[in-house]
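# Please work out how this folds:
(chains A and B)
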Amino acid sequence: MSSALRNFILHILVLAVLVVLFFTVSEYHSGNLARIMVLAVYAMGYNLLFGYKGLLSLGHALFFASGMYGLGLAMEHLGTSAALAMLIGLVSAFVVSAVIGFLALRTSGVAFMIVTLMFAQAGYLTILLAGKYTRGDEGFGIPQADRAIAGIDLSQSDNRYFAALILFAVCFLFIGWLVQTRFGKTLVAIRENPERARMLGYDIQKHKLIAVIISGTLAGAAGAGYALLFGYAGATFATVQYSIYPLLWVLLGGAGTTIGPLIGTIFMTYLIDISSEYTSAYMLIAGLALILLTLFAPHGLAGVVRKKLLPWLP
Amino acid sequence: MAAINLLSTRGLSKNYAGLQAVHNVDFDLPEGQVRALIGPNGAGKTTFVGMLSGRIASSSGSVLFNNKDITQLPAHKRMSMGMAYTFQITSVFSKLNVHENVALAARRVVDGNNAAVNRRVSEVLEKVHLSDRHDQIAGDLSYGHQRLLEIGMGLAQTPRLFILDEPTQGLAESEIDDFIDLIAELSAQTTILLIEHNMDVVMRTAHYITVLNFGEVLDEGTPEEIRASESVQSAYLGKR
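Prediction:
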């Protein structure tokens, strides 16, 4: 079996499991899963840059928020339809990531982390300053009646699950395809040995910029999807915390694997969900899990599977 | 020789905070030649070649490749114009397998589908005697094999100019003999610039030799001329 076919089958199987889960788990869990799938899109975008390209950004919340507010503000103030607003959200994230990428990629390593962090903070403060339109920290809800595409009410939980699944599936298959292309393989080569890649004639800066733009636009798709499906846009989503989350999800799940971001997002969400039933210090448990994983499985959960069982895992 | 110069430099210099690593070098490399660049340690060979490949920015002077002024071009553009470069210290993608290493080099020049790339990779690995190691992780190869792999990555780019920075460093005697055969075979298809310390390799492969000393061209000539040159002998062996 060719590796491309094998990878395609793996991706389809993952999606099939998500369909089956909807019919087998309780409404509470399917609600959780819908949220997880949207956030996993965010993690996948982050993973493209961090896992495949080796660039650590601490400012991805800005891209998530660009999508979220692109959609939210268009619906709130311009009264656009949900579908058009989704497109506006994507374009916002695309433009913001292109500009930030162009500026931040003049740096690398720790400086890149700091510069992206600063841009994201500036974005967060801008949202607060523009409180007249964004309602700052408090945020604003998107009326249930408007949250529909092609007459399908996305606030209704079944529809919401499948809308989240479709968003996830499109991005998941896209990433699965992308990492198999010349472009994806070149990203890995640049991560592994940038100087060698450059001396093979690859334009490193161009590849980095494209990776930031794709990564940022996926983050924006997640942000816009989140606002649309869960009916809320708020400045919390632009905070540092939301820049750190995708890093944690990807680290836990397995950086540089296509399935890692989903696994990491599920793991982290349920870890917090379950531990918070028992103690208010649930972040302590999350922190402990992170330390243990970093010590014993530094390549994340999917990384362990790849190392021990399935070396071909994409 | 009336051959066209593939590569030329005029007044090429590099200063490092007052230290002149390379000074005012005029250099012409005709198409199809195997040229060796030799000189004592610290003569400026790697700096000079770095300015040819674009890894190091020159302080003054110009570099012409295929009649185009490439002095201001970044390294990747020079490579895509038909140069290939192997590093003095072996530099492969050590976590990727042998096949993918060569494929990364081939993809940039081979148009078309994966099958065409795979064909090219197989041809190249055959040439550098690594065809039984497609799936091996490059970092697990022996040092000699990694060197061969890097040369293979250069070959896969079908370069017009192939720059090899001390390719035989650390190779065993038998591997060096294979390398000399490989250079002889390649010289029919491409122009080669070889930085080399091993005089046996230089004398057996080079058509023409340029000697650098203290960042300047000390002498140029055929292997026989260089062997007989007194100035070269004194630079290398100390004054007799």
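# Okay, helices next: where are they in the stretch 151-300 of chain A?
A:157-178, A:182-192, A:194-198, A:204-230, A:240-253, A:260-278, A:282-296, A:300-308 (DSSP state H, counting those that start in this stretch).
# Touching the shortest one from outside, list them.
Translated: helix A:194-198. Residues outside helix A:194-198 that contact it (CB atoms under 8 Å, 6 or more residues apart in numbering or on different chains) are A:T186, A:A189, A:I190, A:I204, B:A75, B:H76, B:M79, B:F87, B:S91, B:V92, B:F93, B:L104. C-beta coordinates here come from the backbone N, C-alpha and C atoms, glycine included.
# Using PDB, write down the CA coordinates of it.
The C-alpha trace of helix A:194-198 is given here as PDB (Å, rounded to 0.1, in the frame of the first residue of the first chain):
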ATOM      1  CA  PRO A 194      17.900  25.100   7.600                       C
ATOM      2  CA  GLU A 195      21.400  25.800   6.200                       C
ATOM      3  CA  ARG A 196      21.500  22.600   4.200                       C
ATOM      4  CA  ALA A 197      18.000  23.400   2.800                       C
ATOM      5  CA  ARG A 198      19.100  26.800   1.900                       C
END
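# three-state assignment of the spatially most central residue of chain A?
Taking CA atoms, centre = their mean, the centroid of chain A lies closest to A:Y42, which sits 0.9 Å from it. Applying DSSP: H, G, I helix; E, B strand; the rest coil to A:Y42 yields a three-state assignment of helix.
# my read: it touches A:G220, true?
No: in this structure, A:Y42 is not within contact of A:G220 by CB atoms under 8 Å, at 9.1 Å.
# any common contacting residues for those two?
A:F64.
# okay, and for the chain, where does confidence drop off?
No chain was given, so I picked chain A. Per-residue confidence for chain A (pLDDT under 70) gives these ranges: A:1.
# Hmm, no, I was thinking of chain B.
In chain B, residues with pLDDT under 70: B:1-3, B:237-240.
# Next to chain A, which bits of it? Give me the list.
B:53, B:55, B:75-77, B:79-80, B:85, B:87, B:91-96, B:100, B:103-105, B:107-108, B:153, B:157 (CB under 8 Å from any CB of the partner chain).
# Now the residue in chain B that chain A sits nearest to: closest residue in space, sequence neighbours ignored.
Residue nearest to chain A within chain B (CB to the nearest CB): B:M79, separated by 3.3 Å. Leaving aside its sequence neighbours, B:M79 sits nearest to A:G201 (CB to CB, 6 or more residues apart in numbering or on different chains; 3.3 Å).
# next one: B:P159
In space, B:P159 is closest to B:A84, 3.6 Å off (CB to CB, 6+ apart).
# Likewise for B:G154?
B:A84 (3.9 Å).
# Quick check: the one you found touching B:I151?
No: B:A84 is not in contact with B:I151 according to CB under 8 Å; the separation is 9.3 Å.
# who in chain A is up against chain B?
So far as CB under 8 Å from any CB goes, chain A lies against chain B at A:182, A:185-186, A:188-189, A:192-193, A:195-204.
# ok, the residue of the stretch 201-314 of chain A found nearest chain B - contacts?
Closest contact between the stretch 201-314 of chain A and chain B, by CB to the nearest CB, is at A:G201 (3.3 Å). A:G201 makes contact with B:H76, B:K77, B:M79, B:S80, B:R108, B:Q157, according to CB under 8 Å, 6+ apart.
# Would you write a PyMOL line that selects the buried entries of those residues?
Filtering the contacts of A:G201 down to the buried ones (16 or more other CB atoms under 10 Å in any protein chain shown) takes a single PyMOL command:
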select buried, chain B and resi 76+79+80+108+157
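# Number of residues surrounding residue 166?
Reading this off chain A. 13 (other CB atoms under 10 Å in any protein chain shown).
# switch to chain B, that's the one I care about
19.
# And it, its phi and psi?
The phi and psi values for B:E166, taken as degrees, to the nearest 10, are phi 50, psi 60.
# Nearest residue to it in space, please, no chain neighbours.
B:Q88 (4.9 Å).
# B:L164 is in contact with that neighbour, correct?
No: shown here, B:Q88 and B:L164 do not form a contact pair, counting by CB under 8 Å, at 9.4 Å.
# Which one's more surrounded, those two?
Using other CB under 10 Å, the more surrounded residue of B:Q88 and B:L164 is B:L164, with 26 against 14.
# For residue 163, which residues are in contact?
In the absence of a named chain, chain A is used. Counting by CB under 8 Å, 6+ apart, A:A163 has contacts A:I149, A:I152, A:L154, A:G225, A:L228, A:L229.
# I was after chain B.
B:V49, B:L52, B:S53, B:M83, B:A84, B:Y85, B:T86, B:L193, B:I195.
# who touches both of B:Q88 and B:L164?
B:I195.
# In this structure B:S80 contacts B:R108, no?
Yes: applying CB under 8 Å, one finds B:S80 in contact with B:R108, separated by 6.8 Å.
# picking that back up, please convert the contacts of A:G201 to JSON lines, extending it with secondary structure.
Listed next are the contacts of A:G201 as JSON lines, based on three-state DSSP:
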{"residue": "B:H76", "secondary structure": "helix"}
{"residue": "B:K77", "secondary structure": "helix"}
{"residue": "B:M79", "secondary structure": "helix"}
{"residue": "B:S80", "secondary structure": "helix"}
{"residue": "B:R108", "secondary structure": "coil"}
{"residue": "B:Q157", "secondary structure": "coil"}
